[in-house]
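>>> Predicted structure and sequence below. I'll ask about it afterward.
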Amino acid sequence: LGARLAALAGRLVGDLGAVRCHVAPAYPPEYGAFGVYARGYHRALAQQLAALAQRALPVPDLYLLLDWHSNTYPREVLGHPEVGALLQAQALGPLLPPETQRGLESSCIAAVKAKVEVAVAQELQLSEDTWAEEATSQELQEGLATRVTGLLRAHVDRAPQITPEFGMEMAHSLLGVLVTFLHSFQRKVERFLEAPAEATPPDGATGRAIALVNCCPPFRAFAERLAQFGHPESEEPRRQAHAALDKVTRLCNHVLTQRLFEDLKPYFNKLMKRKWLTSSDAFDTIVMLITSFTQKLRPLRPEPYQVLVSEVHRRVLIEYVRPLMQVRLVCTSAKMRARVAARLGDEARQLRELFSRLDSASPWLDSVVPRLRELLVLEDTAALQMEVGVLARDFPDVRREHVAAMLDVRGLRGQAVRQEILGVLQDVEPGPPRHR
């Protein structure tokens, strides 16, 4: 087809060049001889293209015909130095009617969609067959993400070279293909990670979860690229693509953190008891286990690493505060209260420094323990009331029972004072919820 179109363009330029030089001068100017020939050749060429447009063309030929009509013909024929200006002066119009061009574009988009859907499904199946093997993270993410996005990219790059509008429609269609693929990817990851794997060593499960979650950033970036072509209906498939990748990230993070929190549980259970006041062993072990765990996360890409560390940060703070809410320790004197407050302050500092080193994206969590500590340190009832009000405003999850538990730990028994402090919660207007 390419050779045929090139021959047609060459014949048109050559013949009209001969008309310009040898035929048109033989006629009076008012006859417009060149225009007569130009319109005749234009009609004949339009008929040739219309006949080609009626055929069931393969994708490469559809691209070729569309590109020749929109770019090659205007550039090499209408832009030809010898006859181009004369042709443009005739206002000949497009070779193909707009509806015929749109039909060709629609046919090309549909053919590309059908072809790519099959290809990416095959890639996913080939990749899934290797998940149970000892494949490295790099092999999996490069094998799946690179090949799938490569199959889509070939068309995302090609279509806009024809016209921007065609590029936008092609990108929107491929975004739909990507969404379908990502839903399938999500389901397969879910089945794979939730399948019984008694024989799989923990390190093997960790490596596979890292490999799978590392596929998400390139898919997410490519979904963004497709949505940025600006199709008016691109927002919903974009949201669906992100939702599927978020689900994969959560599934993999659960696998990655499950063993960590199983290991941490007995040490969290030792916190906020009398022995905790005299020994830092349990807390030191918690810090050591978290540090050791994060060292295994080095193969993670930055995006899933940030999500995972922020989730670990959140859950560690919850598990650290839980023993306080369970009132395992009740202060029987001002001296004991000072010791508990000092220990909370020191461990809050260590947690803040730990998660700062780990680049947690949720530094606001670091203020939770110091703010609860203030409920043990403050002496004046009015100051306690103010702190409770600010705490409830800044942390909308804070409830009456949480503050009551801290007052129990404080050893505050007087019902009148307790009611004065707890009554503040009824008048507080919650602030915007923290990002979680």
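Here it is on my side, so go on.
>>> now stretch 7-23, how far from the centre of its chain.
Mean-position distance between stretch 7-23 and its chain equals 54 Å (C-alpha atoms, centre = their mean, to the nearest Å).
>>> average pLDDT across it?
If you average the pLDDT over stretch 7-23, you get 77.
>>> which residues are in contact with it?
For stretch 7-23, contacts defined as C-beta atoms under 8 Å, 6 or more residues apart in numbering pick out 33-34, 37-38, 41, 45, 48, 72-73, 76-77, 80, 82-83, 86-87. Backbone N, C-alpha and C define where each C-beta goes, glycine included.
>>> Please, where are all the helices along the stretch 151-300 of the chain?
164-194, 202-213, 216-227, 235-268, 274-278, 281-295 (DSSP state H, counting those that start in this stretch).
>>> Switch those over to CSV; also include distance to residue 408 and mean pLDDT.
Shown next, in CSV, are the helices of the stretch 151-300 of the chain (distance: least, C-beta to C-beta, whole Å; pLDDT from 0 to 100):
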stretch, distance to residue 408, mean pLDDT
helix 164-194, 40, 95
helix 202-213, 39, 81
helix 216-227, 44, 96
helix 235-268, 19, 95
helix 274-278, 15, 93
helix 281-295, 22, 96
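>>> would a markdown table of these with mean neighbour count and distance to residue 407 be doable?
Output for those, formatted as a markdown table (neighbours: other C-beta atoms under 10 Å; distance: least, C-beta to C-beta, whole Å):
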| stretch | mean neighbour count | distance to residue 407 |
| --- | --- | --- |
| helix 164-194 | 19 | 43 |
| helix 202-213 | 20 | 42 |
| helix 216-227 | 20 | 45 |
| helix 235-268 | 17 | 22 |
| helix 274-278 | 12 | 19 |
| helix 281-295 | 16 | 24 |
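>>> and those helices as JSON lines, adding distance to residue 380?
Shown next, in JSON lines, are these (distance: least, C-beta to C-beta, whole Å):
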{"stretch": "helix 164-194", "distance to residue 380": "53"}
{"stretch": "helix 202-213", "distance to residue 380": "50"}
{"stretch": "helix 216-227", "distance to residue 380": "51"}
{"stretch": "helix 235-268", "distance to residue 380": "33"}
{"stretch": "helix 274-278", "distance to residue 380": "25"}
{"stretch": "helix 281-295", "distance to residue 380": "30"}
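>>> who wins for proximity to residue 153 among those helices?
Ranking those by their distance to residue 153 (criterion: C-beta to C-beta) puts helix 216-227 first, at 7.6 Å.
>>> ok, residue 169 touching residue 105?
Yes. At 6.6 Å, residue 169 counts as touching residue 105 under the criterion of C-beta atoms under 8 Å.
>>> sorry, back to before: are any of the contacts of stretch 7-23 buried, and which?
Neighbour-count burial (16 or more other C-beta atoms under 10 Å) is assigned, among those, to 33-34, 37-38, 41, 45, 72-73, 76-77, 80, 83, 86-87.
>>> can you tell me which of those residues are in helices?
33, 34, 37, 38, 41, 45, 73, 76, 86, 87 (DSSP state H).
>>> So which of these is the closest to residue 407?
Using C-beta to C-beta, these come closest to residue 407 at residue 73, 82.9 Å.
>>> For the buried ones among the contacts of stretch 7-23, name the two members farthest from one another.
Farthest pair in these, by C-beta to C-beta: 33 and 72, 27.0 Å.
>>> one step back: closest one to residue 177 out of the buried ones among the contacts of stretch 7-23, please.
Looking across the buried ones among the contacts of stretch 7-23 and measuring by C-beta to C-beta, the closest to residue 177 is residue 72, at 28.2 Å.
>>> That closest one: what's it in contact with?
5, 9.
>>> what about the residue nearest to residue 192 when sequence neighbours are not counted, neighbour count?
Distances taken as C-beta to C-beta, 6 or more residues apart in numbering put residue 131 closest to residue 192, at 5.5 Å, once the chain neighbours are dropped. Residue 131: 16 surrounding residues under other C-beta atoms under 10 Å.
>>> Quick check: residue 131 touching residue 215?
No. Residue 131 is beyond contact range of residue 215, at 11.0 Å (criterion: C-beta under 8 Å).
>>> in what helix or strand does residue 133 lie?
Taking DSSP states H and E as the definition, one finds residue 133 inside no helix or strand.
>>> From residue 296, how far out is it?
Using C-beta to C-beta, to the nearest Å, residue 133 is found at 20 Å from residue 296.
>>> more neighbours, the two?
Shown here are residue 133 and residue 296; by other C-beta under 10 Å, residue 296 has more neighbours (15 against 9).
>>> Look up the pLDDT of the residue nearest to residue 192 for me, please.
Looking at residue 131, its pLDDT reads 83.
>>> how about it, phi and psi?
phi -60, psi -30 (degrees, to the nearest 10).
>>> Show me the two of the contacts of stretch 7-23 that sit farthest apart.
33 and 72 (27.0 Å).
>>> contacting residues for the most centrally placed residue in the chain?
What sits nearest the mean C-alpha location of the chain, by C-alpha atoms, centre = their mean, is residue 220, with 3.4 Å. Neighbour list for residue 220: 241, 242, 245, 303 [criterion: C-beta under 8 Å, 6+ apart].
>>> now those residues in JSON lines, with distance to residue 345?
Below are those laid out as JSON lines (distance: C-beta to C-beta, whole Å):
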{"residue": "241", "distance to residue 345": "44"}
{"residue": "242", "distance to residue 345": "40"}
{"residue": "245", "distance to residue 345": "39"}
{"residue": "303", "distance to residue 345": "34"}
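>>> From the recorded domain assignment, give the ranges for the protein.
2-96, 102-252, 269-427 (automatic domain parsing).
>>> which one of the ones you listed lies closest to residue 258?
Ranking those by proximity to residue 258 (C-beta to C-beta) places domain 102-252 first, at 8.9 Å.
>>> and the end-to-end length of the closest one?
Using C-alpha to C-alpha, to the nearest Å, the end-to-end distance of domain 102-252 comes to 44 Å.
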